[in-house]
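Trainee: here is a sequence together with a model predicted from it:
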Amino acid sequence: MVDLRTQWLGLALPTPIVVASSPLSDDLDALRLLERAGAGAVVMRSLFEEQLVEEQMAAHRYFDSHADGDAEARTMVPESHVFSLGPDAYLVNIRRARGALNIPVIGSLNGTSPGGWTELAGALEAAGADAIELNLYDLGTSLREDSSDVEARQLEVVRGVCAAVRVPVSVKLSPFYASLPFFVEKLRGAGARGVVLFNRFYQPDIDLDALEVVRHVRFSTHSELPLRLHGLALLSGRVDVELAASGGVHSGDDAVKCIVSGAHVVQLASVLLERGSEAMRAIVEGVRARLDAMGYDHVAHARGVLALDKAPDPHAWERLQYVRTLQGWRPRHGGKWR
Ligand SMILES: Cc1cc2nc3c(=O)[nH]c(=O)nc-3n(C[C@H](O)[C@H](O)[C@H](O)COP(=O)(O)O)c2cc1C
């Protein structure tokens, strides 16, 4: 039977199927069920820069109002320790999860500006996080920042987080970079050991009756998978970082597609939120069955076999195939379009 044991960021995982960052991480019973169902690791939900900065501001406001500008009085108040305010509950959750599970527990930070908040990564590590996943969820809404400014700022955030911890750091990215391989190479230089492809943007919709912008969390579908497969295939074996897939994985075969495109691990959120821990079991078993049927004795041997650097037909991932695909379109069943 195929061996599913996997290394991710230097951590030993029993399987490559990982619980993605989501509210499931707040529920210890859910995490225990997922571990029993075959999860290889769990990523905690994110602690957001906005939360942390707000806590820092609150701490400063508190100290300012009590110390009243008097330098001596300031030395009487404790250090402006933001951890003891808002993020407390988060750190407690990490500590609890670390104590209850045998699989790695990965803390998650989400932010886009360099600054003191990145040092909080050290608090996540101290609470027991085995690694940090940094989500660069950056919507690029400014008219004054060009793409190189945005990327330079993001690299500084990555450097800040990497400098704050000894545990490995992975970076969760959006799909929207003009040159994904170049930026990932820069991330590696900034200290990232892995990248997670990709963030899913929660685009607002419009309610025309109310003429209002509305926001819903929509679960993913299989249709989101090909974008991930393409990103994985472009990077696998070409950039010295480990790769995680996130987005659109709903079956064992979806996960195997990610692995043969180059993923070390495959993360699940929507399918678990919708279908419960049984989905984890089904996907792990599905991966095992498919890799067995393909004749692999270790999951690592299947990794990246169809990536750009190894695929028998690398053009399948490149522009040439796009031209062929578009030009080769014909009406279904050879019929006439009407
Ligand atoms: C309800 C919900 C909450 C989420 N919260 C976070 C979060 O706090 N941090 C994060 O990095 N990703 C978060 N995600 C994104 C997931 O980790 C994942 O990247 C995304 O849903 C795509 O994977 P999927 O197709 O398996 O759902 C959340 C997703 C959902 C559905």
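Mentor: Received, thanks.
Trainee: residue contacts, the nearest residue to residue 267 once chain neighbours are set aside?
Mentor: Residue nearest to residue 267 in three dimensions, not counting chain neighbours: residue 20, with 3.7 Å by C-beta to C-beta, 6 or more residues apart in numbering. From N, CA and C alone the C-beta is placed, and that goes for glycine too. By C-beta atoms under 8 Å, 6 or more residues apart in numbering, the residues touching residue 20 are 43, 246, 267-269.
Trainee: pLDDT score for residue 20?
Mentor: pLDDT, residue 20: 98.
Trainee: repeat that for residue 173.
Mentor: 97.
Trainee: these two touch, right, it and residue 201?
Mentor: No - contact criterion C-beta atoms under 8 Å: residue 173 and residue 201 do not qualify, at 11.7 Å.
Trainee: what about the two, which has more around it?
Mentor: residue 173 (25 against 11; other C-beta atoms under 10 Å).
Trainee: quick one, what contacts the more buried one?
Mentor: Taking C-beta under 8 Å, 6+ apart as the test, what residue 173 contacts is 136, 180, 183-184, 195-199.
Trainee: possible to save those as JSON lines with neighbour count?
Mentor: Below are the contacts of residue 173 laid out as JSON lines (neighbours: other C-beta atoms under 10 Å):
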{"residue": "136", "neighbour count": "22"}
{"residue": "180", "neighbour count": "20"}
{"residue": "183", "neighbour count": "19"}
{"residue": "184", "neighbour count": "25"}
{"residue": "195", "neighbour count": "25"}
{"residue": "196", "neighbour count": "27"}
{"residue": "197", "neighbour count": "28"}
{"residue": "198", "neighbour count": "23"}
{"residue": "199", "neighbour count": "18"}
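Trainee: can you give me the neighbour number for residue 135?
Mentor: 24.
Trainee: phi, psi for it please.
Mentor: Main-chain torsions, residue 135, degrees, to the nearest 10: phi -90, psi 110.
Trainee: switch to numbering from 59
Mentor: With the count now opening at 59, the last piece we talked about shows up as residue 193.
Trainee: looking at it, it is touching residue 164, isn't it?
Mentor: No - counting by C-beta under 8 Å, residue 193 sits too far from residue 164 to count as a contact (11.4 Å).
Trainee: that older thread, biggest separation within the contacts of residue 78, which pair?
Mentor: Within the contacts of residue 78, 101 and 326 form the most distant pair, 10.3 Å apart (C-beta to C-beta).
Trainee: show me where the stretch 159-308 of the chain has helices.
Mentor: For the stretch 159-308 of the chain, helices defined by DSSP state H, counting those that start in this stretch occupy the ranges 178-184, 205-222, 238-247, 283-293.
Trainee: these: which one's closest to residue 60?
Mentor: Nearest to residue 60, of all these, is helix 283-293, at 19.8 Å by C-beta to C-beta.
Trainee: ok, residue 250 touching residue 223?
Mentor: No - if you go by C-beta under 8 Å, residue 250 and residue 223 don't touch, sitting 11.9 Å apart.
Trainee: what ranges does the chain have for its strands?
Mentor: 64-66, 69-71, 75-77, 99-106, 163-168, 189-193, 227-231, 252-255, 263-265, 270-272, 300-304, 323-326 (DSSP state E).
Trainee: return the distance of residue 333 relative to residue 195.
Mentor: Here the criterion is C-beta to C-beta, to the nearest Å. By it, residue 333 lies 25 Å from residue 195.
Trainee: between the two, who's got more neighbours?
Mentor: residue 195 (18 against 15).
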